[in-house]
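A.B. asks: Structure here, sequence nowhere to be found:
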Ligand SMILES: Nc1ncnc2c1ncn2[C@@H]1O[C@H](COP(=O)(O)O)[C@@H](O)[C@H]1OP(=O)(O)O
Ligand SMILES: [Mg+2]
Ligand SMILES: [Mg+2]
Ligand SMILES: [Mg+2]
């Protein structure tokens, strides 16, 4: 890998390769049929694919970036990993990116990488594989700056290949998708299909949507915002964690969208922060009035998110 490239571009470039490899592992586990599901908590599953994909990504990144904190959703174990799960390649186009001065010489101590090896596990176990993404987010200080979202089951009929990878670096660029504005004169809201409750529903009802798009995964829902299929992602629940939102937030910000909690505050992604997004997730596509959504959320809904 070009050592002259900056640390941030090297992390994002390698993360692209690592998520593609993890996506192949996720497809292989599904086609072999041995999901070996473990129940981590209420409505909270883990499969062999979550475990193996995390192992692939974290082992690869930690060998290349030994001084950087990497936090993954799944608990790690010390078992051997196949050598072909260890990724050393990097996306060459990303390595060529020119960064602004403040991102050029970052201190490895200020970087935290958040890994969600399989976002949308509930849907994956139900065979709704199009909802699945692999997420790697890169925070510098408190801010989510770089993000990679890989969709292992995306079908590109023209290229005849399975899978695509979307990336973004705030203030630098994005790729792997073409941003589209959502339709004018309508309010399309995307939200959970597997983790709903009274508070989640009350928030959506208060926004009087024309349509509610219920799909799995934080990564998948932010892709709907990137591609103009929804105006807002509304999840008034404490269920999402930092690894769910770091990468999607960075990619969304790179095209001018916004992701905050229900009080309008950005989440902090430094290594010492708590994992749950206790104040919910509200994200809007570029050009949408984020404040309008915040203003229309009932006080009671906000108070349940503390
Ligand atoms: N109550 C919860 N318990 C565990 N994970 C949750 C919960 N709510 C949301 N998540 C995580 O956030 C993602 C987005 O939520 P949803 O799909 O319900 O909109 C889920 O796919 C899941 O990530 P993961 O699949 O990686 O465990
Ligand atoms: Mg999970
Ligand atoms: Mg997740
Ligand atoms: Mg996950």
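C.D. replies: Sure, I can see it. All values reported here derive from a predicted model rather than from experimental measurement. Ligands and ions are numbered 1, 2, ... in the order given.
A.B. asks: Just give me the neighbour total for residue 106.
C.D. replies: The tally of other residues near residue 106 (other C-beta atoms under 10 Å) stands at 18. The way it works is simple: take the backbone N, C-alpha and C, and place the C-beta from them, glycine included.
A.B. asks: Can you report how many residues lie near the residue nearest to residue 55 when sequence neighbours are not counted?
C.D. replies: Nearest residue to residue 55, sequence neighbours excluded (C-beta to C-beta, 6 or more residues apart in numbering): residue 81, at 5.2 Å. Residues near residue 81, counting by other C-beta under 10 Å, number 14.
A.B. asks: what separates residue 81 from ligand 1, distance-wise?
C.D. replies: Distance, residue 81 to ligand 1, by C-beta to the nearest ligand atom, to the nearest Å: 20 Å.
A.B. asks: isn't that residue right up against residue 57?
C.D. replies: No. Assessed by C-beta atoms under 8 Å, residue 81 is found out of contact with residue 57, at 11.0 Å.
A.B. asks: before we move on, the earlier item: assign a three-state SS to the residue nearest to residue 55, would you?
C.D. replies: In three-state terms, and counting by DSSP: H, G, I helix; E, B strand; the rest coil, residue 81 is coil.
A.B. asks: Pull out the buried positions in stretch 283-297.
C.D. replies: For stretch 283-297, burial by neighbour count (16 or more other C-beta atoms under 10 Å) applies to 283-286, 288, 290, 293-294, 297.
A.B. asks: Narrow those to those in helices?
C.D. replies: Cross-referencing these against helices under DSSP state H gives 290, 293-294.
A.B. asks: Relative to the longest strand seen in the chain, what are the paired strands and their orientations?
C.D. replies: When the chain is scanned for its longest strand (criterion: DSSP state E), the result is strand 143-156. Take DSSP bridges as the rule and strand 143-156 pairs in its sheet with strand 133-140 (antiparallel), strand 161-169 (antiparallel).
A.B. asks: Quick one, which of those strands gets closest to residue 207.
C.D. replies: For the strands paired with strand 143-156, the distance to residue 207 is smallest for strand 133-140, at 24.6 Å, taking C-beta to C-beta.
A.B. asks: That closest one: how far from the chain's middle?
C.D. replies: Here strand 133-140 is found 6 Å from its chain centre; the criterion is C-alpha atoms, centre = their mean, to the nearest Å.
A.B. asks: Would it count as contacting ligand 1?
C.D. replies: No. Counting by C-beta under 6 Å from any ligand atom, ligand 1 is not contacted by strand 133-140; separation bottoms out at 8.0 Å.
A.B. asks: Can you pull out the low-pLDDT segments for the stretch 1-150 of the chain?
C.D. replies: For the stretch 1-150 of the chain, the stretches with pLDDT under 70 are 1-3.
A.B. asks: which stretches of it form helices?
C.D. replies: Assigned by DSSP state H, counting those that start in this stretch, the helices in the stretch 1-150 of the chain fall at 7-32, 48-64, 92-95, 101-104, 121-125.
A.B. asks: try the stretch 201-306 of the chain
C.D. replies: Going by DSSP H, counting those that start in this stretch, the stretch 201-306 of the chain shows helices at 218-226, 242-254, 290-296, 299-303.
A.B. asks: now, of those, which is deepest in the fold?
C.D. replies: Mean neighbour counts were compared across the helices of the stretch 201-306 of the chain using mean count of other C-beta atoms under 10 Å; the top stretch is helix 242-254, at a mean of 29.
A.B. asks: Tell me if that one is near ligand 1.
C.D. replies: Yes. Interface with ligand 1: helix 242-254 contributes residue 244 (C-beta under 6 Å from any ligand atom).
A.B. asks: That helix and ligand 4 in contact?
C.D. replies: No. Helix 242-254 stays clear of ligand 4 (C-beta under 5 Å from the ion), getting no nearer than 7.0 Å.
A.B. asks: Bridged to the nearest residue to residue 71 once chain neighbours are set aside, which residues?
C.D. replies: Leaving aside its sequence neighbours, residue 71 sits nearest to residue 114 (C-beta to C-beta, 6+ apart; 5.6 Å). With DSSP bridges as the criterion, residue 114 is bridged to residue 71, residue 137.
A.B. asks: burial count for residue 114?
C.D. replies: For residue 114, using other C-beta under 10 Å, the count is 29.
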